[in-house]
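Asker: structure of the sequence below:
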Amino acid sequence: MKKEDLRIVYMGTPDFAVESLRALVEGGYNVVGVITMPDKPVGRHGSVLQASPVKQYAISKGLPVLQPVKLKDEAFLAELRALEADLQIVVAFRMLPEVVWNMPRLGTFNLHASLLPQYRGAAPINWAVINGDTETGVTTFFLTHEIDTGKIIRQKHLPIADTDDVGTVHDSLMTMGAGLVLETVDLLLEGKTDAIPQEEFYQDSAELRPAPKIFKETCRIDWHLPLKKIYDFIRGLSPYPAAWTEIVSPEGVHTVLKIYQTEKHPSDHNLPIGTLCTDKKNSHIDIAVEGGYLRLLSVQLAGKKRLPAADFLNGFKQIGEYKVD
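Answerer: Residues are numbered from 1 along each chain as shown. Take a look at the predicted model:
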């Protein structure tokens, strides 16, 4: 079968999923339908509906779009069957019921932003950086009953530099993943997909690290961790959703401070953990932690815009009287 004849239904929602859809469309593959999340209410009163990035791209290319609330809804299933897909591709969508993923004759494969079986879950890119990994990647695998556990088709590896944050890794994986999606479709067309069970990639399930969904409280900085751990934690949440702490005034007033970028300055010191230090010129902010100082480079005070630390200090010269909590 030629790629122009293979009927593909694509499922995805966020920006990460747009790149793979674009690669399929621009590569001349036959995308017969796109499934994405319902439009999301935005604005102060939720009075405006915003289409997902995938929907916006699909509409711009004239592709049919379905937006089911419930994936087992009979009306949706009838519409999906009517598309007569040979193959379904899932990139950053949601967990599918068997009646959906088992529908096409060639099955359904998913692009996951990790080297499975590591980092099964909702936030694999964040957790790889938070844990200080020096390598990650993308995986295509066939969907099955348990989430992120199906047979692996192909993987590609990506090094993580010590200066990378989750934003840079996300963008690199997004591009790499689009290429892997095309490679996987081509292998399916050629009948060369010898998918491998994930169990063959590890010896002990205790070695596996999860990638659970990240919530606001997950992002709070623990200043009692070692210097490198805090540094990795902050870059693993930057630029979104962003690590945060509270700075406490001498009067005991707590204010939220988001931290986006830092530098490590290993050193021996006897200062209490969480001590805020500035120089006489107020050109930088250091926080005393185990193993040295963490220098803040980019921050955002609650209700304000994100600023370089030097600009932040220009309007907050009393920061040296505060502590972090």
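Asker: now do the helices in this protein.
Answerer: Applying DSSP state H to the chain gives helices spanning 15-26, 53-60, 74-82, 98-101, 124-130, 166-190, 227-235, 309-314.
Asker: deepest-packed of the ones you listed, please.
Answerer: The highest mean neighbour count among the helices of the chain, using mean count of other CB atoms under 10 Å, belongs to helix 124-130: a mean of 25. (Glycine included, C-beta is placed from N, CA and C.)
Asker: run the chain-centre distance for that helix.
Answerer: Relative to its parent chain, helix 124-130 has a centroid offset of 8 Å by CA atoms, centre = their mean, to the nearest Å.
Asker: same check, this time on stretch 104-114
Answerer: Worked out by CA atoms, centre = their mean, stretch 104-114 lies 18 Å from the chain centre.
Asker: how about that stretch: buried residues?
Answerer: Buried residues in stretch 104-114, counted by 16 or more other CB atoms under 10 Å: Pro104, Leu106, Gly107, Thr108, Phe109, Asn110, Leu111, His112, Ala113, Ser114.
Asker: let's have these in JSON lines, adding pLDDT.
Answerer: Converted to JSON lines, these look like this (pLDDT from 0 to 100):
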{"residue": "Pro104", "pLDDT": "98"}
{"residue": "Leu106", "pLDDT": "95"}
{"residue": "Gly107", "pLDDT": "95"}
{"residue": "Thr108", "pLDDT": "97"}
{"residue": "Phe109", "pLDDT": "98"}
{"residue": "Asn110", "pLDDT": "98"}
{"residue": "Leu111", "pLDDT": "98"}
{"residue": "His112", "pLDDT": "98"}
{"residue": "Ala113", "pLDDT": "98"}
{"residue": "Ser114", "pLDDT": "98"}
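Asker: ok, back up a step: can I get the helices of the chain in a markdown table with mean pLDDT?
Answerer: Shown next, in a markdown table, are the helices of the chain (pLDDT from 0 to 100):
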| stretch | mean pLDDT |
| --- | --- |
| helix 15-26 | 98 |
| helix 53-60 | 98 |
| helix 74-82 | 98 |
| helix 98-101 | 97 |
| helix 124-130 | 98 |
| helix 166-190 | 97 |
| helix 227-235 | 98 |
| helix 309-314 | 89 |
